[in-house]
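S.K.: got a predicted model here, sequence first, then my questions.
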Amino acid sequence: MGTTDAAVTASADDLDLIARLRSGDEEAFMTLVDRLQSVMLRVARMYVSSQAIAEEVVQEAWLGVLQGIDRFEGRSSLRTWILRIVSNVAKTRGLRESRSVPFASLAGADLDEPAIDPDRFLGSGEGWAGHWSTLPTDWSAVPEERLAASETLGAVREAIDTLPPMQAEVIRLRDVLGWSSREVRNALDLTETNQRVLLHRARAKVRRAIEREMEIEAAP
Amino acid sequence: MTEPDDDLTCRELVELITGYVDGEMGAGDRARFERHLAECTGCTRMLEQFRATIETTGRLTEEQLGAEQRDAQRRVFRRWREGASSS
């Protein structure tokens, strides 16, 4: 197993926040709100029918966090525990709305298809079947500033926003916010394989969006 | 060409890139992956593209939370704290 698979328990920072929450420290609570509210709203929104209901769900989840903090044993990171609470509240609320959301509709219908366009490889009738028909371009020659340019970042943001919700959330948590694979699996209740497949598809689509952006810029 | 049966094609390799960069790959698969990479310019470039994609995605930041959202959660906290101290 890789390094990202190490068991994730409450960190020193988590333990500090937990102690402060238990003593009623409002600033500790607001620190958590600033870190997690956006993620919580998006996760809640997957399971309920409107943004307004997602906001109610998140408030209810925060109350659940505060009421449960005395019993939290730190066997997961604080943020994965909080996300499990919000997704449970949201799923319950979704059921009450008679709105059951199948995993496939969150994950995207394209999970079994190849992440990279098969047309880029030689077909089975040819020699070297499955090898590149045209080589990918060499991005190590691309200046750093171009990858970091606002046009490129805009294209990345747009690509993520149009992903199926679970693919979008996995890439945000992993690659924007830097969570470990284990934490994301715990937080979103995904198997190791599902987490990896969702992330790979998301990264492949973002890669394609950057590639398009390069093609536009390279055109005369 | 005479390749052993367990060698990866490029098309197969690209589907394994996330497992490779995240260190979620067994030793045998990793060796197979790296054996292919050592001889393939196209896959080396694609791996590099994925790494650059991850790095570029990492430059994004979450949008700041609106004041309204913050105030709403603050009220949740204060109600909880009052309830907790009066019970």
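M.R.: All right, it came through fine. Numbers count the residues shown, from 1 in each chain, chains lettered A, B, ... in the order given.
S.K.: from now on I want contacts and neighbour counts done on CA atoms only, so please keep to that.
M.R.: Noted.
S.K.: domain-wise, how is chain A divided?
M.R.: For chain A, automatic domain parsing gives the domain ranges A:3-96, A:103-218.
S.K.: who's in contact with stretch B:40-58?
M.R.: A:132, A:135-140, A:147-148, A:153, A:156, A:175-178, A:203-204, A:206-207, A:210, B:10, B:13-14, B:17, B:21, B:37-38 (C-alpha atoms under 8 Å, 6 or more residues apart in numbering or on different chains).
S.K.: what's the closest of the domains of chain A to residue B:78?
M.R.: Of all those, domain A:3-96 sits nearest to residue B:78, with 7.9 Å by C-alpha to C-alpha.
S.K.: show the buried residues in the contacts of stretch B:40-58.
M.R.: A:132, A:136-137, A:139, A:147-148, A:153, A:156, A:175-177, A:203-204, A:206-207, A:210, B:10, B:13-14, B:17, B:37 (16 or more other C-alpha atoms under 10 Å in any protein chain shown).
S.K.: so which of the residues you listed are in helices?
M.R.: A:147, A:153, A:156, A:203-204, A:206-207, A:210, B:10, B:13-14, B:17, B:37 (DSSP state H).
S.K.: tell me how far stretch A:70-86 is from the chain's mean position?
M.R.: Relative to its chain's centre, stretch A:70-86 lies at 18 Å (C-alpha atoms, centre = their mean, to the nearest Å).
S.K.: next: stretch A:139-146.
M.R.: 26 Å.
S.K.: please apply the same query to stretch A:189-202.
M.R.: So, by C-alpha atoms, centre = their mean, the centroid of stretch A:189-202 is 10 Å from its chain's centroid.
S.K.: and for stretch B:8-21?
M.R.: On C-alpha atoms, centre = their mean, the centre of stretch B:8-21 falls 14 Å from that of its chain.
S.K.: which residues does it contact?
M.R.: Counting by C-alpha under 8 Å, 6+ apart, residues outside stretch B:8-21 touching it are A:114-116, A:118, A:121, A:129-132, A:196, A:199-200, B:25, B:30, B:32-33, B:36, B:42-43, B:46-47, B:50-51.
S.K.: A strand includes residue B:64, no?
M.R.: No. Per DSSP: H, G, I helix; E, B strand; the rest coil, residue B:64 lies outside any strand segment and is coil.
S.K.: pull the number of nearby residues for it.
M.R.: 10 (other C-alpha atoms under 10 Å in any protein chain shown).
S.K.: what strand or helix carries the closest residue to it other than its chain neighbours?
M.R.: Distances taken as C-alpha to C-alpha, 6 or more residues apart in numbering or on different chains place residue A:34 nearest to residue B:64, at 7.9 Å, with adjacent residues excluded. Here residue A:34, judged by DSSP states H and E, is contained in helix A:26-47.
S.K.: name the next helix or strand downstream of that helix, please.
M.R.: Trace forward from helix A:26-47 with DSSP H and E and the next one is helix A:51-68.
S.K.: who does that following helix touch, helix- and strand-wise?
M.R.: Contacts defined by 3 or more C-alpha pairs under 8 Å, 6 or more residues apart in numbering or on different chains; DSSP states H and E place helix A:51-68 against helix A:26-47, helix A:78-96, helix B:67-86.
S.K.: for the ones you listed, which one sits closest to residue B:59?
M.R.: helix A:26-47 (16.8 Å).
S.K.: list the buried residues for that closest one?
M.R.: For helix A:26-47, by 16+ other C-alpha under 10 Å, it's A:28-30, A:32-33, A:37-47.
S.K.: same check on stretch A:146-160?
M.R.: Those would be A:147-148, A:152-157, A:159-160, for stretch A:146-160 by 16+ other C-alpha under 10 Å.
S.K.: one more: stretch A:83-93?
M.R.: A:83-93.
S.K.: of the residues you listed, closest to residue A:65?
M.R.: The closest of those, once distances to residue A:65 are taken by C-alpha to C-alpha, is residue A:85, at 7.3 Å.
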